[in-house]
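Enquirer: I would like to see how this sequence folds:
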Amino acid sequence: MLTIKCSKCKTKLLKYQKLGSGKVLKCHKSRIKRTYKLEKDLEDYRCKCGNFIGRDEGSFIKMYEQGFIYTGTKE
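Expert: Numbering: from 1, shown residues only. Have a look, this model is predicted:
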């Protein structure tokens, strides 16, 4: 389970169940276990500090690599 945080202010954004060992390029909405301070503005997802995290693409969020950091283990 990964904890995804804002790269700018280090605020927890969400808990995500990552399958596989690759990069976090997409977050499938069905695998998001908990959201914390993630805010949606039209099609964009941002932190409360205004940092861009990703874009809504329907069943998943296309993540912006420089917008977040994560801790935890991949399954």
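Enquirer: alpha carbons only for contacts and neighbour counts from here, please
Expert: Will do.
Enquirer: list the buried ones in the helix or strand of the chain with the lowest mean pLDDT?
Expert: Among the helices and strands of the chain, strand 39-41 carries the lowest confidence by mean pLDDT, DSSP states H and E, at a mean of 90. Taking 16 or more other Cα atoms under 10 Å as the basis for neighbour counts, the residues of strand 39-41 that come out buried are Glu39.
Enquirer: helices and strands around that strand, which ones?
Expert: strand 44-46 (3 or more Cα pairs under 8 Å, 6 or more residues apart in numbering; DSSP states H and E).
Enquirer: in its sheet, what does the strand it packs on sit against?
Expert: Sheet partners assigned to strand 44-46 using DSSP bridges are listed as strand 39-41 (antiparallel), strand 52-56 (antiparallel).
Enquirer: what about the ones you listed, which gets the closest to Gly20?
Expert: Taking Cα to Cα, strand 52-56 is the member of the strands paired with strand 44-46 nearest to Gly20, at 20.2 Å.
Enquirer: now do that closest one: everything it contacts.
Expert: Taking Cα atoms under 8 Å, 6 or more residues apart in numbering as the criterion, the residues outside strand 52-56 that touch it are 6, 43-47, 61-65, 67-68.
Enquirer: the same query, at a cut-off of 7 Å, please.
Expert: Strand 52-56 is touched from outside by 43-47, 61-64, 67-68, with contacts defined as Cα atoms under 7 Å, 6 or more residues apart in numbering.
Enquirer: then stretch 66-75?
Expert: Applying Cα under 7 Å, 6+ apart, the set of residues contacting stretch 66-75 is 1-7, 18-21, 51-53.
Enquirer: export these as TSV, with columns for neighbour count and distance to Lys29.
Expert: Listed next are the contacts of stretch 66-75 as TSV, based on neighbours: other Cα atoms under 10 Å; distance: Cα to Cα, whole Å:
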residue	neighbour count	distance to Lys29
Met1	17	14
Leu2	19	14
Thr3	17	15
Ile4	22	14
Lys5	23	17
Cys6	25	18
Ser7	18	21
Lys18	20	11
Leu19	12	13
Gly20	9	16
Ser21	9	18
Asn51	16	20
Phe52	21	18
Ile53	25	14
